[in-house]
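A.B. asks: Take this sequence and fold it.
(one chain, ligands or ions: 1)
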Amino acid sequence: MENILNLIGMRFGRLVVVDKVDNDEHGHNRYLCKCDCGNEKIIRGSSLKNGNTKSCGCYQKEISSSRKPSGAIHYMSNTKLYSVWSNMKYRCYDIKNREYKRYGMRGIIICNEWKNDFISFYNWAINNGYQDNLTIDRKDNDGNYEPNNCRWITNQEQCNNKRNNRLITINGQTKNLAEWSKISGINRDTLIGRINRNWNDPLIKVK
Ligand SMILES: [Zn+2]
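C.D. replies: Below you'll find the model as predicted:
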């Protein structure tokens, strides 16, 4: 028997599964789904899982009318993905943002396609494994926000990356944890443990 709870909370394209509803007349499992455009729709579990249904129907409408879904953007400004997009822009272009020094000031930019068009970023995200619990990651920490350099990872993976990219100054030399680990041959966890124990050593500065 199909596990009826396992789809709730999952994302399929533009749809996020909200609840299980009654089976249809053929006994197929059905779910109430909320689309990013704001519509709700009841959809068969099998259509979600095999990828046949990825929106309430708004995607097909956009394709056939081939114009920008301006109404949809209004609804989507409340989604998590929209805030991912705006926060990315603040980090790179708003000098008052507290993360700016680690992004914009280091020359990290957003490709024009994404920067100027939320829908373009949105479509890339939906087609590249975006889930609401994931966070955007640049594979190369010195690279830009662009399709080739970005992927969706969990918060835990993001924390590990951040930790490895933390800048540490020892005896006046500044490198990130991964580099110090490579140079010293000491495992990252051991190294961070030692640094944490000696955080008040004047020779060690952790940014
Ligand atoms: Zn929709």
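
A.B. asks: okay, CA-based contacts and neighbour counts for the rest of this
C.D. replies: Will do.

A.B. asks: At which residues are the helices of the protein located?
C.D. replies: 45-49, 58-65, 70-76, 80-93, 112-115, 118-127, 155-165, 177-184, 188-197 (DSSP state H).

A.B. asks: Show me what the fifth one is packed up against.
C.D. replies: Meaning helix 112-115. Applying 3 or more CA pairs under 8 Å, 6 or more residues apart in numbering; DSSP states H and E, we find helix 112-115 packed against helix 118-127.

A.B. asks: With mean neighbour count, mean pLDDT and distance to D24 as added columns, please give the helices of the chain in TSV.
C.D. replies: As requested, the helices of the chain are exported to TSV (neighbours: other CA atoms under 10 Å; pLDDT from 0 to 100; distance: least, CA to CA, whole Å):
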stretch	mean neighbour count	mean pLDDT	distance to D24
helix 45-49	16	93	11
helix 58-65	12	77	23
helix 70-76	14	65	29
helix 80-93	18	95	31
helix 112-115	15	95	40
helix 118-127	16	92	28
helix 155-165	14	81	38
helix 177-184	16	85	54
helix 188-197	14	80	53
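
A.B. asks: can those helices go into JSON lines with extra columns for distance to the ion?
C.D. replies: Putting the helices of the chain into JSON lines (distance: least, CA to the ion, whole Å) gives the following:
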{"stretch": "helix 45-49", "distance to the ion": "14"}
{"stretch": "helix 58-65", "distance to the ion": "4"}
{"stretch": "helix 70-76", "distance to the ion": "8"}
{"stretch": "helix 80-93", "distance to the ion": "15"}
{"stretch": "helix 112-115", "distance to the ion": "21"}
{"stretch": "helix 118-127", "distance to the ion": "13"}
{"stretch": "helix 155-165", "distance to the ion": "27"}
{"stretch": "helix 177-184", "distance to the ion": "43"}
{"stretch": "helix 188-197", "distance to the ion": "45"}
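
A.B. asks: looking at these, which is closest to N29?
C.D. replies: helix 45-49 (5.5 Å; CA to CA).

A.B. asks: Please save the CA atoms from that closest one in PDB.
C.D. replies: What follows is helix 45-49, C-alpha atoms only, in PDB (Å, rounded to 0.1, in the frame of the first residue of the first chain):
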ATOM      1  CA  GLY A  45      -0.600  11.300  -6.300                       C
ATOM      2  CA  SER A  46       0.500   9.300  -9.300                       C
ATOM      3  CA  SER A  47       0.500  12.400 -11.600                       C
ATOM      4  CA  LEU A  48       2.600  14.300  -9.100                       C
ATOM      5  CA  LYS A  49       5.100  11.400  -8.700                       C
END
